[in-house]
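Student: pasting the sequence and the predicted coordinates here, then a few questions.
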Amino acid sequence: MHNPHIGVLGASGLVGSFLIPLLAGKGCRVTAFSRQRINWGQDNMQWQPLSVDAPATETITLWISLFPIWVLPEYGGWLAERGAKRLVALSSTSCLVKDRSEDLYERGVARKLAGGESFLRTWGAARGVDWIILRPTLIYGDGNDKNISEIAAIVNRLGFFPLLGKACGKRQPVHAQDVAAACLAALDATHVVNRAYNLAGGETLTYREMVVRVFDGLGRKPMLPSFPGWIFVLALSGLRVIPRYRHWTMAMVQRMNQDLVFDSSEAVHDFGYAPRKKFLIKRYRK
Ligand SMILES: NC(=O)c1ccc[n+]([C@@H]2O[C@H](COP(=O)([O-])OP(=O)(O)OC[C@H]3O[C@@H](n4cnc5c(N)ncnc54)[C@H](OP(=O)(O)O)[C@@H]3O)[C@@H](O)[C@H]2O)c1
């Protein structure tokens with residue numbers, strides 16, 4: 001693609017913080033839509049408030065959607081009005097595992113993700129828009145994500161991290177920058193149409209090993225005591241009254257011993273997906 005104009009939805013989040021500079025660096029013209037203003041200070045990047053009622057002012061054929069995929073149906077007509085022809089949308093591997101969760105909230109998230117994906121397939125076929133769904137595993141950043149930084153916050157607060165049993169469930173955390181690069185690579189790969197891909201991180205490690213890396217990143221000696229399930233039940237019942245922790249569930253705790261491993265070989269083959277080989281964290285708050 002030669003200096004294309006790309007519309008980005010939900011650009012104010014973690015993946016957007018890596019995607020926008022990547023696109024700008026490649027010489028793309030970017031129009032980023034989000035409800036919060038973004039100031040990137042790049043000449044070729046323009047921000048517009050995201051509003052379903054806003055009239056279309058110009059045609060943008062290429063799109064990357066970073067907001068939760070279940071929001072997409074609200075913007076189907078809006079995208080068509082703007083002349084969308086090709087759309088890469090982020091979903092999540094959660095739709096492949098959480099539909100069987102014992103937790104009602106998690107099953108709801110899986111259902112919403114599946115609904116968003118299903119909308120995109122039907123809408124794309126009806127509107128003649130080529131779509132690609134990318135499903136990242138657990139996304140982390142450089143201290144500004146909602147997953148690994150939550151683990152870091154617990155380590156900082158308690159000085160240890162409580163585990164259930166051996167915490168031997170396998171994980172493949174993926175860096176937000178690698179997800180951003182995959183979005184652009186998939187958009188660029190014009191031979192790829194109407195497909196869904198998993199995006200796993202380059203290293204598979206156990207939940208326990210992942211937490212040890214967080215200790216390493218914080219420069220702390222790992223302390224990972226193991227507790228029986230009833231201690232977590234008790235702790236969660238207290239924590240869940242605090243709004244920030246209201247979605248913490250026993251299902252999350254039990255998943256420490258469940259493998260969440262996905263195959264990304266099709267993404268590697270079809271559009272050169274290349275996540276970093278090692279899960280290393282840096283710049284976490286001490
Ligand atoms: N975090 C993970 O571990 C993980 C794992 C797998 C997949 N994913 C998916 O990967 C994508 C990118 O992740 P992320 O952490 O960068 O994104 P995010 O913070 O969940 O969402 C990106 C942006 O979407 C906008 N947004 C959220 N809800 C919206 C709504 N109802 N209507 C309109 N805009 C809305 C927000 O921007 P404004 O408020 O500025 O509009 C937000 O900054 C998301 O789709 C997420 O579901 C995340």
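Tutor: Arrived safely.
Student: would you put the C-alpha positions of stretch 149-158 in PDB?
Tutor: What follows is stretch 149-158, C-alpha atoms only, in PDB (Å, rounded to 0.1, in the frame of the first residue of the first chain):
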ATOM      1  CA  SER A 149      -0.100  -4.600  35.500                       C
ATOM      2  CA  GLU A 150      -2.800  -6.000  37.700                       C
ATOM      3  CA  ILE A 151      -0.500  -8.800  38.800                       C
ATOM      4  CA  ALA A 152       2.300  -6.300  39.300                       C
ATOM      5  CA  ALA A 153      -0.100  -4.200  41.500                       C
ATOM      6  CA  ILE A 154      -0.800  -7.200  43.700                       C
ATOM      7  CA  VAL A 155       2.900  -8.000  44.000                       C
ATOM      8  CA  ASN A 156       3.600  -4.400  44.900                       C
ATOM      9  CA  ARG A 157       0.800  -4.300  47.500                       C
ATOM     10  CA  LEU A 158       1.300  -7.700  49.100                       C
END
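Student: may I see the buried residues of that stretch?
Tutor: Judged by neighbour count using 16 or more other C-beta atoms under 10 Å, the buried positions of stretch 149-158 are 149, 151-152, 155. Backbone N, C-alpha and C define where each C-beta goes, glycine included.
Student: between these, which is nearest residue 210?
Tutor: residue 151 (7.8 Å; C-beta to C-beta).
Student: so that closest one makes contact with residue 212?
Tutor: No: here residue 151 does not reach residue 212: they are 10.6 Å apart, not a contact under C-beta atoms under 8 Å.
Student: does stretch 266-274 reach the ligand?
Tutor: No: Stretch 266-274 is not in contact with the ligand by C-beta under 6 Å from any ligand atom; minimum separation 14.0 Å.
Student: list of residues touching that stretch?
Tutor: Residues outside stretch 266-274 that contact it (C-beta atoms under 8 Å, 6 or more residues apart in numbering): 134, 178, 181-182, 185-186, 188-189, 191-192, 195, 197-199, 264.
Student: buried only: go through those for me.
Tutor: 134, 178, 181-182, 185-186, 188-189, 192, 195, 197-199, 264.
Student: just the ones in helices from the residues you listed, please.
Tutor: 178, 181-182, 185-186, 188 (DSSP state H).
Student: how about the helices in the stretch 51-200 of the chain?
Tutor: For the stretch 51-200 of the chain, the helices defined by DSSP state H, counting those that start in this stretch occupy 76-81, 94-97, 104-127, 148-158, 176-188.
Student: got the CA coordinates for the shortest one in PDB?
Tutor: Backbone C-alpha positions of helix 94-97 (Å, rounded to 0.1, in the frame of the first residue of the first chain) are rendered in PDB as follows:
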ATOM      1  CA  SER A  94     -11.900 -15.500  25.200                       C
ATOM      2  CA  CYS A  95     -14.700 -16.300  22.800                       C
ATOM      3  CA  LEU A  96     -13.200 -19.700  22.300                       C
ATOM      4  CA  VAL A  97     -12.900 -20.600  26.100                       C
END
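Student: quick one: the strands in the stretch 151-286 of the chain?
Tutor: Along the stretch 151-286 of the chain, the segments classed as strands by DSSP state E, counting those that start in this stretch run 163-164, 170-171, 174-175, 195-199, 205-206, 226-227.
Student: got CSV for the ones you listed, with distance to residue 55 too?
Tutor: Shown next, in CSV, are those (distance: least, C-beta to C-beta, whole Å):
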stretch, distance to residue 55
strand 163-164, 53
strand 170-171, 45
strand 174-175, 37
strand 195-199, 32
strand 205-206, 49
strand 226-227, 56
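Student: for residue 22, find the nearest of these.
Tutor: Nearest to residue 22, of those and by C-beta to C-beta, is strand 174-175 at 12.6 Å.
Student: so which residues make contact with the closest one?
Tutor: By C-beta under 8 Å, 6+ apart, the residues outside strand 174-175 that reach it are 136-141, 199-202, 275-276.
Student: wait, does it contact the ligand?
Tutor: No: interface with the ligand: strand 174-175 contributes nothing (C-beta under 6 Å from any ligand atom), its closest point being 8.0 Å away.
Student: got it, and stretch 103-122?
Tutor: No: residues of stretch 103-122 are not located near the ligand by C-beta under 6 Å from any ligand atom, the shortest gap being 7.6 Å.
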